[in-house]
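# Structural data only, the sequence is not supplied:
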DNA sequence: TTGTAATTACAGAAATAACCGTAAAAAACG
DNA sequence: CGTTTTTTACGGTTATTTCTGTAATTACAA
């Protein structure tokens, strides 16, 4: 209970965003609370601050842990399970993207390959479909290695990249 | 009705992905169907192929049009409204990202600014929160211009970027 | 106009997802 | 060990989203 206006506003917005990106609103709100909180929180803290049931909080914490966005913290002499969030946005989004890649992008590539197998000995009619599937697969096959490279760059060089690509456009344009 | 195995599989998968990224499953499936289809389709075609109600198809087509992923096509002497999808994956994902930026990223930046205003004359206690909000805002303020640059690059240079960033890491690492 | 075909709006039904409270289980102490 | 505290699992409920069918509207051709 009793969050500041700014915290309240950010938590609500982050929940809203979550729901637009396929993340449970409650999970996203809890994540936002952890992100803004200086100190680790336990399930009761979260339940009290956001007025969710303990059980709902419990499973949401699990989900956030599975995503790698929060990690457990223990205090000696306190049995409760505390958690704290990744606090650096760069690291945080890297974790999210890595996880989405693992869960969704990789299987998508696998599915595309499977579809291409299915359509391999193709009649004239399916040739167009085959072509579309191949184009999509090629897209991922370029973007995935690019992401793999970008994710390893520290933020300094990333900031310069914008300037660099502007230059590239200038040269070729 | 009577889609090929590959089409069926891809449509189902795309719907699955949609639901994980905050897009209505039906809308995503219809989009997939358009993507794979050589010829423009009308609402009846879609309803027949995927066994959705006409009205459901109608509103889904609208939504896809709002996203800019399909566009209307007319055939002389045929009153029906046909649509066709963007067929180039590069262009397609660019449209999706642009739209998500407009709908979600820009408002997020605005919200962050608003939160920072709220927390401006801050007590000691809120100082940490303020810091977190600022860090998040800074992240977006670097990534948005970078995206703006990348989205304007044709795919050739993008393919080389991966190699380039590998080089950068090599030099600084 | 008038009739016909296509589209859209809407309200209720169906399906899905989210949430809570309780009870069982597990873990941490003495 | 037994006790206490914390965590998890589960069944039922509520809420939300999705989907459908019908009715109203619009666009078009004769």
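Noted; the coordinates are in hand. Just so you know, these numbers come straight off a predicted model, no measurement behind them. Residues are numbered from 1 along each chain as shown, chains lettered A, B, ... in the order given.

# what's the weakest-modelled helix or strand in chain A?
In chain A, the helix or strand scored least confidently by mean pLDDT, DSSP states H and E is helix A:155-172, which has a mean of 81.

# Does anything pack onto that helix? Which helices or strands?
Other helices and strands packing on helix A:155-172, by 3 or more Cβ pairs under 8 Å, 6 or more residues apart in numbering or on different chains; DSSP states H and E, are helix B:127-150, helix B:155-172. Placement of C-beta: from N, CA and C, glycine included.

# any chance you could map the helices in chain A?
Taking DSSP state H, the helices of chain A run over residues A:5-20, A:25-36, A:43-50, A:54-67, A:89-100, A:106-118, A:127-150, A:155-172.

# Show me what the shortest one is packed up against.
The one in question is helix A:43-50. By 3+ Cβ pairs under 8 Å, 6+ apart, helix A:43-50 packs against helix A:25-36, helix A:54-67, strand A:78-85.

# One more pass at 7 Å, please.
helix A:25-36, helix A:54-67 (3 or more Cβ pairs under 7 Å, 6 or more residues apart in numbering or on different chains; DSSP states H and E).

# out of these, which comes closest to residue B:29?
helix A:25-36 (24.1 Å; Cβ to Cβ).

# Mind checking if the closest one is in reach of chain B?
Yes - interface with chain B: helix A:25-36 contributes A:35-36 (Cβ under 7 Å from any Cβ of the partner chain).

# correct me, but residue A:129 touches residue B:5?
No - the criterion here is Cβ atoms under 7 Å, and residue A:129 misses it with residue B:5 at 10.7 Å.

# Local confidence estimate at the residue nearest the centre of chain A?
Taking Cα atoms, centre = their mean, the centroid of chain A lies closest to residue A:96, which sits 2.5 Å from it. pLDDT for residue A:96: 96.

# any idea how far it lies from DNA strand D?
Computed as Cβ to the nearest atom of the strand, to the nearest Å, the residue A:96 to DNA strand D distance reads 21 Å.

# Show me which residues of stretch A:36-47 are buried.
A:36-37, A:40-43, A:45-47 (16 or more other Cβ atoms under 10 Å in any protein chain shown).

# Quick one: low-confidence residue ranges for chain A.
Low-confidence segments of chain A (pLDDT under 70): A:1, A:125.
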